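*Asks:* Sequence first, predicted model second:
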Amino acid sequence: MPSGVAQKGYLMTVEIHGTVADGYEKVADAFAANFAEQGEVGAACAVRVGGEQVVDLWAGVADPATGRAYEADTLQLVFSSTKGVVAAAAHLLAQQGRLDLDAPVADYWPEFAQAGKASVPVRSLLAHTVGLVGLDDMLSVEDLCAWDPVVKALAAQTPFWEPGTAHGYHALTFGHLVGEVVRRVSGQSVGDFVRDHIAGPVGAEFHIGVPDDALERVAPLLDFPGGMGADTGGPPDPTMTAIFTPGTLTNKAFLIAPVLITSFNEPQLLQAQIPGANGCTSARSLARIYGGLVSEVDGVRLLDAAQIEDARTVQASGPDLVMLFDNHLASGYWLPMETAPMLGAGSFGHAGLGGSIGCALPEREIGFAYVMNQCQAHLVGDPRSQGLLDAVLACTA
């Protein structure tokens, strides 16, 4: 295993822990390079191929304030990588015949019919085409953490565009929209459903709402170098600029309540159910989930091939009204784009603000996960994760 890698920004030596199967050494090299060259602080990467674990790596510091080491079971908040797991919950209900993704949301959530939304299908929530990227009025942190105030506000909200005519990333509202449908159909909160029916069957740990006894294992997020919105030395990123420009759709989508990156280190936000943004997991667990979507993990496959095909079929393509660049969206998942190719054609998954990602490639039965505590200002195509993904592809070619 690589060791003795000098870590940028910290006067210490990083030892890489874990295992890689024969033939996957390039992934370990890429992981070590992230510490040497990309300012990594604490991180983990895991890969499953054909249901078998072939990469399980972790290194660095979980909490620089205390020096606590990053461990295999360190829990990491993964921001929007949570969305892919929430989408899996909806697809599992569809596979079971309990949820029709093309039926009106109001069939399951009658209050949603307000403000001209009676005919909006569930798939529109998954595909970011419903136009409910934000709310007319900002919520308090307490309301964001309480669930009912958010879903009541979304049910009453008039869409910002005619549903189905455009797409824009529902940065925070996605989780409540899809999560409320999951709750209405299953009778469980989305966090409980994910725990019992997505994570549990494949031996994974994925919390949407961290329990008391797991809080001490969470690695605090570290803000972008210089803080969110800081000058990176290059041309201003139009999406980052729009996040902090009041009145823009981007601002409404990312700031439905006054919370920023490090706000999510607070127990109040860690323990709430904010399923568009506050899932906490390990790379090992997230790879088990994505591996279980496309192959058997410990004898369990979460979604069959037909449901996966439905999940990764493109639903929206072109200019994103929130992200301000062209992208390709499926039913709850991002698809490869030039700046973020993931595992190439056929792959699907979801990245999180700051750098984390979970994704899969059905044709090669690959389930991949990368998590970290040092956030970087790459809204898509983080070089740390893409370097690892490229290495995985090279090893499985």
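*Replies:* Yep, it's here.
*Asks:* What about the residue lying closest to residue 63 once chain neighbours are set aside? Give its phi and psi, please.
*Replies:* In this structure, residue 63 finds its nearest non-sequential neighbour in residue 220, 5.6 Å apart by C-beta to C-beta, 6 or more residues apart in numbering. From N, CA and C alone the C-beta is placed, and that goes for glycine too. The phi and psi values for residue 220, taken as degrees, to the nearest 10, are phi -60, psi 140.
*Asks:* distance of residue 220 from residue 195?
*Replies:* Using C-beta to C-beta, to the nearest Å, residue 220 is found at 23 Å from residue 195.
*Asks:* likewise residue 114?
*Replies:* As judged by C-beta to C-beta, residue 114 and residue 195 stand 31 Å apart.
*Asks:* neighbours of the residue nearest to residue 321 when sequence neighbours are not counted, just the number please.
*Replies:* Using C-beta to C-beta, 6+ apart and skipping the chain neighbours, the partner closest in space to residue 321 is residue 168 (3.5 Å). Using other C-beta atoms under 10 Å, residue 168 has 26 other residues around it.
*Asks:* residues touching residue 168, list them.
*Replies:* Listed by C-beta atoms under 8 Å, 6 or more residues apart in numbering, the contact set of residue 168 reads 128, 131, 133, 160-161, 249, 253, 320-323.
*Asks:* now residue 58
*Replies:* By C-beta under 8 Å, 6+ apart, the neighbours of residue 58 are 16-18, 43-45, 70-72, 74, 283.
*Asks:* if we go to 6 Å?
*Replies:* Contacts for residue 58 (C-beta atoms under 6 Å, 6 or more residues apart in numbering) come out as 17-18, 44, 70, 72.
*Asks:* Buried ones only from the residues you listed, please, as a ChimeraX command.
*Replies:* Filtering the contacts of residue 58 down to the buried ones (16 or more other C-beta atoms under 10 Å) takes a single ChimeraX command:
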select :17,18,44,70
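*Asks:* and of the contacts of residue 58, the nearest to residue 367?
*Replies:* In terms of C-beta to C-beta, no member of the contacts of residue 58 lies closer to residue 367 than residue 44, at 14.3 Å.
*Asks:* Okay, now the sheet partners of the helix or strand containing that closest one, with direction.
*Replies:* According to DSSP states H and E, residue 44 maps onto strand 42-49. With DSSP bridges as the test, strand 42-49 is paired with strand 52-63 (antiparallel), strand 366-372 (antiparallel).
*Asks:* and the last one, how far from the chain's centre?
*Replies:* Okay, so that is strand 366-372. Averaging C-alpha positions (C-alpha atoms, centre = their mean, to the nearest Å) puts strand 366-372 11 Å from its chain's average.
*Asks:* could you point out which element follows that strand?
*Replies:* Next in sequence after strand 366-372, counting helices and strands by DSSP H and E, comes helix 383-396.
*Asks:* same thing with the longest one?
*Replies:* On the C-terminal side of strand 52-63, the closest following helix or strand by DSSP H and E is strand 68-69.
*Asks:* what mean pLDDT would you report for that following strand?
*Replies:* With pLDDT averaged residue by residue, strand 68-69 scores 97.
*Asks:* start at 498 instead
*Replies:* New numbering, starting at 498: the last item is strand 565-566.
*Asks:* Look at residue 590 and give its secondary structure.
*Replies:* helix (DSSP: H, G, I helix; E, B strand; the rest coil).
*Asks:* Can you give me the distance of it to residue 584?
*Replies:* Applying C-beta to C-beta, the value for residue 590 to residue 584 is 11 Å.
*Asks:* More neighbours: the two, which one.
*Replies:* Each of residue 590 and residue 584 has its neighbours counted (other C-beta under 10 Å); residue 584 has more, 24 against 21.
*Asks:* pretty sure that one contacts residue 831?
*Replies:* No. Between residue 584 and residue 831 there is no contact under C-beta atoms under 6 Å: 10.3 Å.
*Asks:* which residues in this structure form helices?
*Replies:* Along the chain, the stretches classed as helices by DSSP state H are 522-534, 578-592, 619-623, 638-643, 645-653, 670-683, 687-690, 735-740, 746-751, 764-767, 780-791, 802-809, 880-893.
*Asks:* Who are the packing partners of the fifth one?
*Replies:* Packing partners of helix 645-653 (3 or more C-beta pairs under 6 Å, 6 or more residues apart in numbering; DSSP states H and E): helix 670-683.
*Asks:* now the helix it packs on: how far from the chain's centre is it?
*Replies:* With C-alpha atoms, centre = their mean, you get 16 Å for helix 670-683.
*Asks:* Measure how that helix sits relative to helix 645-653, angle-wise.
*Replies:* Per axes from the mean of the first three to the mean of the last three C-alpha atoms, to 10 degrees, the angle that helix 670-683 makes with helix 645-653 is 90 degrees.
*Asks:* Give me the contacts around helix 670-683.
*Replies:* For helix 670-683, contacts defined as C-beta under 6 Å, 6+ apart pick out 580, 583, 586-587, 590, 595-596, 605-606, 619, 622, 629, 647-648, 686-687, 690, 772-773.
*Asks:* at 8 Å what do you get?
*Replies:* Helix 670-683 is contacted by residues 579-580, 583-584, 586-587, 590, 595-596, 602, 605-606, 619, 622-623, 625, 627, 629-632, 644, 647-648, 651, 667, 685-687, 690, 705, 750, 753, 770-774, 829 when judged by C-beta under 8 Å, 6+ apart.
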